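**Student:** Turn this into a structure:
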Amino acid sequence: MKPALREQVAEAWRFRERVEREAAERFERMAAAIARLDADSTVPARMRQAASDERRHAELCARLAEEYGSAAAHALEPTEIAPRRLGPREAVLYEVVAACCITETESVATVTTLLAENAAPRVREVLHEIARDEVAHSRMGWAHLAREAERGDVSFLSAWIPAMLSGTVGDELFRASDEPEELLEHGVLPRARKREVFVGALEEVVLPGLRRFGIDVAPARAWLAERAG
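**Tutor:** Numbers count the residues shown, from 1 in each chain. Below you'll find the predicted structure:
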């Protein structure tokens, strides 16, 4: 493998490690917040398990990053992502939808796509481990949204979905790229494929799912149209 490509792969896996560690901290915090707001919900227990899963994923990603030559990751300082103007209950729902219904759903689509490729055996092992858990992490977000929709109107989320999407992917995802298909062997999606997977997950899973709960997805579609052209 060319040094530049190895470095790109190493950094991709190191980035995934940071994302997984951040998710673990976020799930622990959200579990506590939901338990305070909804004592009968089963979601907090599922989120605590998800936090444990994410720490395990982070270790797997770190080992792969090291195998490809990446140095140790910097310490994380996870922060709340909900807008300050939202009340406590709405803020938790915002963060759950962003982290689970959107980010984890996209992650499921990504690892599923990568598993369909001819990845190296060690990479495939890690992808299988992650894929096994990410589906459950996505579902717990939809479960919390369902409980909140039963309790009251969740349509306020419509205006915030574009901000959630911008927090999930940067605008560079929609720029032209000629990254090599060889990246797939090492568990990394070339940008064009990543864009395809992200848009597919939105169109096929996320937006229809939100619409079922009375959330207008027109702002999300406008956000996507502006970037995808």
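
**Student:** give me the low-pLDDT residue ranges for this protein?
**Tutor:** Applying pLDDT under 70 to the chain flags the ranges 72-79, 229.

**Student:** Quick one: the helices in it, in order.
**Tutor:** With DSSP state H, the ranges of helices along the chain come out as 3-37, 43-67, 88-96, 105-115, 121-151, 161-168, 191-201, 207-212, 218-228.

**Student:** Redo the ones you listed as TSV? Include distance to Ser177 and mean neighbour count.
**Tutor:** Quick note: C-beta positions are derived from backbone N, CA and C, even for glycine. Shown next, in TSV, are those (distance: least, Cβ to Cβ, whole Å; neighbours: other Cβ atoms under 10 Å):
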stretch	distance to Ser177	mean neighbour count
helix 3-37	12	19
helix 43-67	22	20
helix 88-96	30	20
helix 105-115	16	21
helix 121-151	21	18
helix 161-168	18	18
helix 191-201	4	18
helix 207-212	25	16
helix 218-228	14	15
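
**Student:** Of all these, which one is nearest Glu181?
**Tutor:** Closest to Glu181 of the helices of the chain is helix 191-201 (Cβ to Cβ; 8.3 Å).

**Student:** now the closest one against helix 218-228, angle please.
**Tutor:** 160 degrees (axes from the mean of the first three to the mean of the last three Cα atoms, to 10 degrees).

**Student:** ok, now which ones touch Glu134?
**Tutor:** Counting by Cβ atoms under 8 Å, 6 or more residues apart in numbering, Glu134 makes contact with 104, 107-108, 111.

**Student:** try it again with 6 Å
**Tutor:** Neighbour list for Glu134: 104, 107-108 [criterion: Cβ atoms under 6 Å, 6 or more residues apart in numbering].

**Student:** Would you mind checking which of those residues is nearest to Pro3?
**Tutor:** Ser107 (28.4 Å).

**Student:** What residues does that closest one make contact with?
**Tutor:** Glu134.
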